[in-house]
Every structure is written in C-alpha cells, then in structure tokens.
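Enquirer: I would like the atomic coordinates for the input below:
(2 chains)
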Amino acid sequence: MNMADPRKSFGEALLEIGKEMPNVLAISADSSSGSGLTPFEQHFPERHIEFGIMEQGVIGYSAGLATTGKIPFVVAIAPFLTSRPFEMVRNDVGYMKQNVKIVGRCAGMSYSDLGPTHHSLEDIAILRTIPGFTVIAPSDPIEIKAAAWAAAKMNGPVYIRIGKDKMEIFNDNPDYTFEIGKGVTLREGSDATIIATGVTVYKSLQAADMLAAKGIKVRVVNLHTLKPVDEEIIIKAAKETGRIVTVEENYLAGGLGSIVAEVTSQYAPVPIKMIGVKDQFASNGPYDELLALYNLHPEGIVKETEAFLK
Amino acid sequence: MNKHTQSELLELQKQALAVRKNILRMVKAGGSGHVGGALSATDIITTLYFSVMNVKPEDPNWADRDRFVLSAGHKCLALYAVLAEKGFFDKAILDTYGSLNSPLPGHPDMHALAGVESNTGALGHGLAIAGGMAMGLKLDRKKSRVYVIMGDGELAEGSNWEAAAAASHHKLDNLMVFVDLNGLQIGGQTSEIMANSPLADRWRAFGWHVKEIDGHNIEQILACTDGIPFETGKPTVVIANTVKSKGFSFAEGKASYHYWSANDQEMAVAEEDLQKAERSLQQ
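Expert: Next up, the predicted model:
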C-alpha cells in the first residue's frame, strides 16, 4: 500500500488551489513548514502571512481578512486552533459567517509522544456545535486534497482535521468522488456497520477484512464529513444491518459516536458500540501503540465488534 | 493639520446631540441598555461617521468604504444611533430595541443591520478583526481605512495585545484605534480592577503611534484624524479621555450606569439634559 504524508498532501493541494484562486491566503501561527505550507509560501510570498504564536489573534485576523473577500486557510496544530481560540472561532468566524478555512493538523493523538497538551480529542465535538460550520476529517491523502478543494470552493467556515503520520492511500480508484456531507460506503456487509472517520477509516477496513475471515460481514462507512452529517447513510446502515460500531480518534463525548446516536435514536434506533477515547486525558508514546491502547487499531476494532455482536 | 470651521464643529455637535437623542429613544423602547460607554464614545463615533469616514449609507457594502469596528460591542447604542442618523436605516427601527428579533441586539450583528461591520460583544475580538480588514484592504491596494473603538476595561483582555503586535509587525498604517478611556468598567474604576497605565507607553512599546485627546472635544477628534498615518508603516492609537455616560447628568462618571435600567424619573432628567444641550447649541 502506498503511503503519503498528510501535511505534505494538504500543502500540495493548497498550492494548486492558490494557483487557481487568487484570493486564497495561507495563514501561519509559526506553523507554516510543519503544516506543509512551504511550497505555497515559495510560490506566493505575498499571500503567505506569518503571525507567530498567537492563535487567538490569527483567527480574528483571518475573519477580518475574509470580510474583504480573501479566503484564508489557517493551518496549525489542531488544539491550538480549536480549543484555545474557541471563542474567536465561534464568534469571529462562525457567528460572522466568514469564509475562513481552519485546518487542524497533527490532530487526534498523532502528536502521541507530546502528550495531552498537544492532542486534540475534542475538536470534532466542539466545532460541530457552531451553527453553519462544516467539519471534515479526511480518511487518506487523496481525500485530504479533495477536502481542501471542496473547502476552498464552498462559501463558509470549514474545519478540516488531519493527522501527522503517513497515511495509506486507499481512495485511489477511478470511481472516487468527494462531496461534502456525503458519506461513502466502502465495503458492503449485513451483520453490522462500522462507521469511521479520519485515520480510523483505513483501520476499520483492515478490521472488516479480519472479521470477514471469521465469517462476519460488516459494512464500512467513511463518514468524512461530521457536519453537515449524512443522515441518510446512517439510517440506511441502521435499518439494513441492525447494529453500528463507531470508530473515532476522538473523545466519545460529542464525537462521531454521539453524532451517529443522535441520528439513529431519532430515526432508526439500533444498538451502538462506540470505540474511542473515554473520559480521560490520553497517555503518551508511539502513535500506533497509543491507538492500540484505546482499541483504535484493527485488532482492537475486531475485538470490540466481536464482543458487541455476541 | 486642516482647519475646521466653527460651523463644521457646531454641525457635528448637533449631530452628536441627535445621536444622544437616538440613544435615549432606544432605551425608552427597550427599558435598559449599556448607556455609559455608548455616551462616552458618542462624540468620537459621530465625528468619524459624519466628517472622517468614506461610507455610502445607500450602498453599505461599497468595496472602497472605510470600515468601523466597535470592539467594545456593548457600546452599540451609539453605533445604532449614528447609523440611523447617517441614514443607513429607517429611524423607526430604533423603536424595536429590546423587542424579539430586533435587528438591534444588545451587541451588534452585521447580518442583521446595514452598516454594521462585525459581530462584537465578547471583548478582545475587535482589534484582530479590524487588523484583518486593514490587511485585506492593503493587499488589494485600497486606500480605505479601518477605525476601531475599544473600551479601557477591555484592554485587560490579552487577545488585544496579540492583535496590537500583529498590526505593527505587519505595518498596518491604515488602522486607527480610539481607546474610550472613561476610566470605569462595570465593577468600578479600571485603575483599581486591572490597571492599564502607563497606557500610552504600552501602545508605544507595541509599535504604535500614540495620540492623546479629550474624547468629547470634536475639534481635537477631527485634528487627530487629519493626516493619518502620522508615521508611515505604523498603526495609530488615540487615547481619548472621556466621561462615562457623558450628557446624562445623573449618570456621568458613575460605574453603576454602565448598564442603565431606566426609571421614569431618570428618563425625565435625561430628556431635560438633552433639551438643555440643544438650547445651548442654538445660542
């Protein structure tokens, strides 16, 4: 399986977007090179604006820039653009309905060894409470690029959540399309549906293969857009497979599991198993081991799914 | 410095009085409001809109307009009153203040009312938004300027100083801030709650050109807007010494009128005060 760096992939996309859309700006909070923005900066030095380590300021400035017709892409370590300046994101971008794109990189626990100050396990939950916001967690490098383009082309605030480590490229098929708010069924199955987002999508596909070898056929849905949510694909999965497993590199409070439960409990109640980080600050260490600690690796997803289906 | 004629100054004083009448009209409609800071900022906002800023009430989103950001969003009675007086919307809308779904909420909403440029109210947001506007206008090589009103109590918010540093670093000399230094905030004297002195030195240290004026002296307000930027490449801040609740005799200089829940007796005094001010302008 080919792999690619998510930040580099994003940066490559932003450069191409910048070539087509002259109003697109790259905004850095001393976060440029680590966010893959170097090619954009080299190509468009005037459209790459450095602010230093001021994440409250950088969101406000971006909102102000957007009022003049600019399309700022602000990119930095995820918690510093979401939980730290939350009120600026809520008011200056959300309430003011400004065309600002916030890209939180090294999200989830991907800054694994740096510990909980650098983890971002609540960003999905808090940003989706802001009216009018679009929240996307792309599942592979191809989807990162597609999401960046879709965000640039739509008018309104967007949050894109990307990780740090290289990701498997699995959306490289001719039928692949990306539409904001439209989930993707990656694997058919009737025993249950695994709904995943971001980095857990590929791990869920691997888990589905392992379950298939044991005779358990699960559907796998990539819910790349957390808001607006694709209710239809969730309701369909609930009605057709009867059980849902959600897998997210996020706190269970307010994240993907909550989103799925909000939909199913109203329109198609089914038992749900939620895999994610429970009410605790995560530990630290190598990324793969950290994911495994919370059953966010294929073996963990298999184990939880089997127990759930018994 | 341009000389301003006595008739121009008198005209602006009359407009400021009309603005104070509009403020009272809204409080009458809604029963209460943040009058203290609105009245201390009234002369500055009036002067900006009637003599300094390039705006078109009939085309509020005109791309080349100057922008105004009320960072201290709770002073919105003054902004609404000025926008109404300037013709951005029908004055009858002033009477909706305090009613359900009014386009005049207790803090301004740019999507609800023509002429409002930003949704402020949470303190410490406006300067960064205004800085972004100034930066965007510069990127487009526009000559437009961005004017900001900040409260002095608001300066305790750390986010302001991020925004201030970025404005000088990026040489936003099309950005001009007025600090409405009325010395009071909801809980009492700013100097006792969280001192901000030496205020001029603080701004200078952040790379700003600083002026100090009497924020109720229209000639001084006009003088400080003539010839900006005073230093090429530097944003300007005007520290405007003001009186909270200026113009309402019973409330002037009192922190307790930061938010005024009006009663009939005080309302009558406020009306008398404005009538007196009108008579003195007619002499």
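
Enquirer: number of nearby residues for whichever residue of the stretch 101-250 of chain B sits closest to chain A?
Expert: Nearest residue of the stretch 101-250 of chain B to chain A (C-beta to the nearest C-beta) works out as B:Gly132 at 2.1 Å. Backbone N, C-alpha and C define where each C-beta goes, glycine included. When neighbours are defined as other C-beta atoms under 10 Å in any protein chain shown, B:Gly132 has 36 of them.

Enquirer: Mind pulling up the pLDDT for it?
Expert: As summarised for this prediction, B:Gly132 has a pLDDT of 98.

Enquirer: B:Lys3 now?
Expert: Looking at B:Lys3, its pLDDT reads 72.

Enquirer: what about it, distance to B:Asp226?
Expert: 9 Å (C-beta to C-beta, to the nearest Å).

Enquirer: Pick out whichever of the two has more residues nearby.
Expert: For B:Lys3 versus B:Asp226, neighbours defined as other C-beta under 10 Å are more numerous around B:Asp226 (12 against 9).

Enquirer: Show me which residues of chain A sit near chain B.
Expert: Counting by C-beta under 8 Å from any C-beta of the partner chain, the residues of chain A close to chain B are A:46-47, A:49, A:51-52, A:54, A:56-57, A:59-70, A:87-88, A:91-92, A:95-97.

Enquirer: can you list the weak-confidence ranges in the stretch 101-250 of chain B?
Expert: Scanning the stretch 101-250 of chain B for pLDDT under 70 picks out nothing.

Enquirer: Now for the residue in the stretch 1-150 of chain A positioned nearest to chain B, how many residues are close by?
Expert: Residue of the stretch 1-150 of chain A nearest chain B, by C-beta to the nearest C-beta: A:Gly64 (2.1 Å). Neighbours of A:Gly64 under the rule other C-beta under 10 Å: 34.

Enquirer: Same question for B:Glu192.
Expert: Applying other C-beta under 10 Å, I find that B:Glu192 has 9 neighbouring residues.

Enquirer: That one sits in which helix or strand?
Expert: Here B:Glu192, judged by DSSP states H and E, is contained in helix B:190-193.

Enquirer: and the helix or strand just after that helix, what other elements does it pack with?
Expert: Counting by DSSP H and E, the next helix or strand C-terminal to helix B:190-193 is helix B:199-205. In terms of contacts (3 or more C-beta pairs under 8 Å, 6 or more residues apart in numbering or on different chains; DSSP states H and E), helix B:199-205 is packed against strand B:209-214, strand B:236-241.

Enquirer: okay, the helix or strand that the first one is followed by in PDB with CA atoms only?
Expert: So that's strand B:209-214. Counting by DSSP H and E, the element after strand B:209-214 in chain order, helix or strand, is helix B:218-225. Below are the C-alpha coordinates for helix B:218-225, written out as PDB (Å, rounded to 0.1, in the frame of the first residue of the first chain):
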ATOM      1  CA  ILE B 218     -14.800  67.500  18.500                       C
ATOM      2  CA  GLU B 219     -12.000  69.800  17.200                       C
ATOM      3  CA  GLN B 220      -9.500  67.500  18.900                       C
ATOM      4  CA  ILE B 221     -11.100  64.400  17.500                       C
ATOM      5  CA  LEU B 222     -11.000  65.900  14.000                       C
ATOM      6  CA  ALA B 223      -7.400  67.100  14.400                       C
ATOM      7  CA  CYS B 224      -6.200  63.600  15.300                       C
ATOM      8  CA  THR B 225      -7.700  62.100  12.200                       C
END
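
Enquirer: how long is stretch A:13-27 from one end to the other?
Expert: Stretch A:13-27 has an end-to-end distance of 15 Å (C-alpha to C-alpha, to the nearest Å).

Enquirer: oh sorry, the question was meant for stretch B:192-200
Expert: Using C-alpha to C-alpha, one end of stretch B:192-200 lies 18 Å from the other.

Enquirer: Give me the contacts around it.
Expert: B:152-153, B:155-156, B:179, B:181, B:185, B:187, B:190-191, B:202, B:210, B:212, B:239 (C-beta atoms under 8 Å, 6 or more residues apart in numbering or on different chains).

Enquirer: let's see it at 7 Å
Expert: Residues outside stretch B:192-200 that contact it (C-beta atoms under 7 Å, 6 or more residues apart in numbering or on different chains): B:Asp152, B:Leu155, B:Ala156, B:Gln185, B:Gly187, B:Thr190, B:Ser191, B:Arg202, B:Val210, B:Glu212, B:Ile239.

Enquirer: Show me the two of those residues that sit farthest apart.
Expert: Farthest apart among the contacts of stretch B:192-200 by C-beta to C-beta are B:Gly187 and B:Val210. That separation is 26.8 Å.

Enquirer: before we move on, back to that, which of the residues of chain A next to chain B fall within strands?
Expert: A:Ile49 (DSSP state E).

Enquirer: From the residues of chain A next to chain B, keep the buried residues only.
Expert: A:47, A:49, A:51, A:54, A:56-57, A:59-68, A:70, A:87-88, A:91-92, A:95-97 (16 or more other C-beta atoms under 10 Å in any protein chain shown).

Enquirer: For the stretch 51-200 of chain B, what lies in contact range of chain A?
Expert: Selection of the stretch 51-200 of chain B residues close to chain A by C-beta under 7 Å from any C-beta of the partner chain yields B:110-111, B:118-119, B:122, B:125, B:128-133, B:135-137, B:140, B:159, B:162-163, B:166.

Enquirer: let's see it at 6 Å
Expert: Residues of the stretch 51-200 of chain B found near chain A, taking C-beta under 6 Å from any C-beta of the partner chain as the criterion, are B:119, B:122, B:125, B:128-129, B:131-133, B:135-137, B:159, B:162-163, B:166.

Enquirer: Name the residues of stretch A:35-45 that come out as buried.
Expert: In terms of neighbour count (16+ other C-beta under 10 Å), stretch A:35-45 has its buried residues at A:Ser35, A:Gly36, A:Leu37, A:Thr38, A:Pro39, A:Phe40, A:Glu41, A:Phe44.

Enquirer: err, stretch B:177-186, not the other one
Expert: B:Val177, B:Phe178, B:Val179, B:Asp180, B:Leu181, B:Asn182, B:Gly183, B:Leu184, B:Gln185.

Enquirer: repeat for stretch A:185-193
Expert: A:Leu186, A:Arg187, A:Gly189, A:Asp191, A:Ala192, A:Thr193.

Enquirer: What is the most widely separated pair among those residues?
Expert: Maximum pairwise distance among those (C-beta to C-beta): 15.7 Å, between A:Leu186 and A:Asp191.
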